[in-house]
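Peer 1: requesting a structural model of the entry that follows:
(chains A and B)
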Amino acid sequence: MPWTITIALFFVAAALLGWGRLRRGPIAVAAMPFVVQLAAIAAEALRSVPARTETIDWIPSLGVRIGFLVDPLTLILSAVVSGIGLLIVAYSAGYFPLMERRRQFLALLALFAGGMAGLVASRELFGLFVFWEITTVASYLLIGFDDEKARNRAAALEALLVTTAGGLAMLAGFVLLAITGGTTSIPELVSDPPQGTMATMALVLVFAGAFTKSAQVPFHFWLPEAMAAPTPASAYLHSATMVKAGVVLLLFLAPGFATAWLWTPVVTGIGLVTMALGAVLALRQTDLKLLLAYGTVSQLGLMVALVGLDLIAPALAVLLAHAVFKAALFLVVGTVEKATGRRDLRELSAVGRALPALAIAGALAALSMAGVPPLLGFVTKEAAFDALIVADAWLPLVVIAASSVLSVAYSARFWWGAFATKRRLDATEVAPTRAVLTAMPGILAVVTVLMAMVPGWLAAAVGEATGRAVKLVLWPGLVPAFGVSVAVMVAGFVAFAILIRRGVGHPPHRLPPMVAAYQFSLRALNRVADVVTGVLQNGSLPVYLAVTLTAVLAVPAVVWLASAQVTASPPLTNNIAELTLGAVVITAAVAATRAQRRMAAALLLGLAGYGVAGLYVAFSAPDLALTQLLIETLTIALFAFVLARLPRRFGADPGSLSRSVRVGVALFVGAFMAVAAVFATSVDPARSVAEAYVEEAVNAGGRNVVNVVLTNFRALDTLGEIAVLAAAGLGITALIVSRSRRSQPESS
Amino acid sequence: MNIRFSPLLATGARTMVPTLLIVSVFVLVVGHDRPGGGFAGGLIAATALLLVYLTFGARGVRRMVPVAPEMLMGAGLTAALLAGMIGLVLDGTFLTYAYAARDVPLIGEVKLSSLLLFDIGVYVLVVGLATTAMVRLGSEAQ
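Peer 2: Residues are numbered from 1 along each chain as shown, chains lettered A, B, ... in the order given. Down below sits the predicted model:
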């Protein structure tokens, strides 16, 4: 089955679920695309054919394509997306008891999964960007899923703004890469990476996208806020999959760009700082979900740091292990919260006794996070230490080992906080929960054990995916890396013991500096917008009109007059009818400016318009004449509607613009239009496009050139114009409805 | 709402309005070859509705157009977009029209094109806009 179809199925499921007519079986509908993709992955893996690409030309004129590469790397990443996704779908059946909420959640989840599955399979820059942003939007909707709380909406907006800002920078980087590299295909870019300043700029911009998405310092602050999302969404998006997108993108690019001079310092530098900071902050949290969120920040830092050192095989291994144990831990928190209504470790006690199965699953996952054998977390972290030692990267090794000590401590603290019996607290009341809420984290915990039992198989898969050999073993023997692991574990548990004796402490009250900076910039933006709006939208129609007309005069008029040439002088008049009609138009126009009553002015304008329609007839343009007549009629009627509510006479007040300014602008615009008309009629007929239009119109199947122009040659313009008409109509309705709501309660 | 019922206007409107509507559809259909088109046709229909408004008030217009006028605008825009999508699906290019001509006995050559759908969209939207203005602005004015 083509890979494209397996990805499209996610969106089909999302549409079916979002449509809202689905009365039963949302779980089955949501599970369908996940199952199909898992089957496709299995089929591809068994067939073991060489990598193949599927490309869809999306916007050929711009070279924009959606392209999927089905290779071992795609298969592994897709397996994470679909495998964990399927468990989340099942989990949500227990998490959302209300059918309607469950359906809404699953619709968004399927939408996200489609974006994510597309992202990890994409190897075309712009196709990847589109899927990237689909995940951003789905994440926004899921964080704000409980949309009645203002705090949740703010958190959703924060995540959206931070990741979209990075995403836009990344798009600019992609454009630069495509220009300098001459291709939009990532494999081609990687095999022949562009050099020079432009390419470096491109890389910096791409980093901005990767770092915001993967919550690296200084953009890490959105991820803890994103914990406002329902816990299954946090488990899936904000630990297992979406936040890995930045790492995945760097994984794609590393084979070609890791030799760029700024790759290692920037990527590894940021990664190490993030890992250390995340670990420190994780230890200070008392909310279990926040603890895990900062832990995720820390682990993402580890992956980024490894990719920065071009150690992509260990990075991928860590990514896989993290996806499994962190998803399990989030689901554990979700179940604890469902059962007790709390997730603050200062309030939970003796939950482990009430929920022994969940406690065991949590213990396995937490130990995996701590890197304790014989679990997947140990196998992969050991591989990372080993690779760092082989690469002689001592500074990163020290930072990573030190942060890992803290990881062990917060892992222990997590399990202790969630399940242990605390002396000073009464046992927390535990309500019964559905079995699926325990089973799903249980399955993930078993996976973290089982995968550690087949390290050779995993090493082969990761090696095939990255093209680099990686050492993944359950029992490494007495090598230096194992020494580091043991030291880290011992130090970590000692640190935890000391921490417990000093009490659990409180989370910091002060606003983190990056959150303060984000909030300040948001407020500043609003203030600037207020000022700009106050200046530009001051509510005076004469000012709007004057500004618009002056702009017309200032730019196009000057440019056009400077380049135009009079080649023939048109006759002043052809016949007496024109002269008469012209006189009528002029008289009506002058009289309109002198009119004292509004309605009289409107009628005189209408008269001028009818006169123009007459001129069209004289020039044998019945189409224009017909339209002009009808428009004038309706305009007068509309004037009548509006003028009924205004004073009958024009006021003496000159308004916000003095009379002389208004007269000046009007005269200049009128003079320009007159000159423009003379120019237009004096164009050399040999160079006119009119003949071509007439000829082409017949080809287009019409004999009415005006209509053919409107509906064929300029159909898109017409579409735009009628959309503007519709918007104007809606504007009328909105204004009137909001006015009548304010003045009186709706009766009719 | 006080209805100023004018027998003269009412009698005139009863014959004029259907005539105008028929003319508007005629103008719409022949638009590609002769003066007219969706925009002009829509405007003629709008003047017919204006006549209804002047005679029977906003209530009369509402009775003639039983849906919310905003719905008409949406329907028009949708039809025009749909006409564009037909080209996208059949030809790969947005707003390229599918076209077929058949000789029908007694009537002669009948041209059928998704262009007509586009023009119908414009027509409906213009009628919707005029109706919106009358129903919303007009009803408040009285």
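
Peer 1: which strands and helices sit next to the helix or strand bottoming out on mean pLDDT in chain A?
Peer 2: Scoring the helices and strands of chain A by mean pLDDT, DSSP states H and E places helix A:558-563 at the bottom, with a mean of 74. When contacts are defined as 3 or more Cβ pairs under 8 Å, 6 or more residues apart in numbering or on different chains; DSSP states H and E, helix A:558-563 packs onto no helix or strand at all. (C-beta placed from N, C-alpha, C; glycine too.)

Peer 1: contacts for that helix, please.
Peer 2: Helix A:558-563 is contacted from outside by A:V675, A:A676, using Cβ atoms under 8 Å, 6 or more residues apart in numbering or on different chains.

Peer 1: for it, C-alpha coordinates in PDB please.
Peer 2: Listed next in PDB are the C-alpha coordinates belonging to helix A:558-563 (Å, rounded to 0.1, in the frame of the first residue of the first chain):
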ATOM      1  CA  VAL A 558       3.600  59.500 -10.200                       C
ATOM      2  CA  VAL A 559       5.100  56.300 -11.600                       C
ATOM      3  CA  TRP A 560       2.500  56.100 -14.300                       C
ATOM      4  CA  LEU A 561       2.700  59.700 -15.500                       C
ATOM      5  CA  ALA A 562       6.500  59.500 -15.500                       C
ATOM      6  CA  SER A 563       6.500  56.600 -17.900                       C
END
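
Peer 1: could you point out which element follows that helix?
Peer 2: helix A:576-594 (DSSP states H and E).

Peer 1: who does that following helix touch, helix- and strand-wise?
Peer 2: Packing partners of helix A:576-594 (3+ Cβ pairs under 8 Å, 6+ apart): helix A:598-618.

Peer 1: in chain A, which helix is the longest?
Peer 2: As assigned by DSSP state H, the longest helix anywhere in chain A is helix A:150-181.

Peer 1: so for that helix, mean pLDDT?
Peer 2: Averaging the model's pLDDT scores along helix A:150-181 yields 94.

Peer 1: buried set for that helix?
Peer 2: For helix A:150-181, the buried set under the neighbour-count rule, 16 or more other Cβ atoms under 10 Å in any protein chain shown, comprises A:152-164, A:166-171, A:173-178, A:180-181.

Peer 1: out of these, who's near chain B?
Peer 2: With Cβ under 8 Å from any Cβ of the partner chain as the criterion, no member of those is in contact with chain B.

Peer 1: follow-up on the earlier one: tell me how far the longest helix of chain A lies from the chain's centre.
Peer 2: 6 Å (Cα atoms, centre = their mean, to the nearest Å).

Peer 1: from the contact counts, what lies against the following helix or strand past that helix?
Peer 2: Scanning forward in sequence from helix A:150-181 by DSSP H and E, the next helix or strand is helix A:186-191. Secondary-structure packing of helix A:186-191 (3+ Cβ pairs under 8 Å, 6+ apart): helix A:125-143, helix A:150-181, helix A:245-257.

Peer 1: kindly recompute the last result at 6 Å.
Peer 2: helix A:245-257 (3 or more Cβ pairs under 6 Å, 6 or more residues apart in numbering or on different chains; DSSP states H and E).

Peer 1: immediately after the helix it packs on, which helix or strand?
Peer 2: Next helix or strand after helix A:245-257 toward the C-terminus (DSSP H and E): helix A:263.

Peer 1: count of neighbours near A:M198?
Peer 2: Here the number of neighbours of A:M198 (other Cβ atoms under 10 Å in any protein chain shown) works out to 14.
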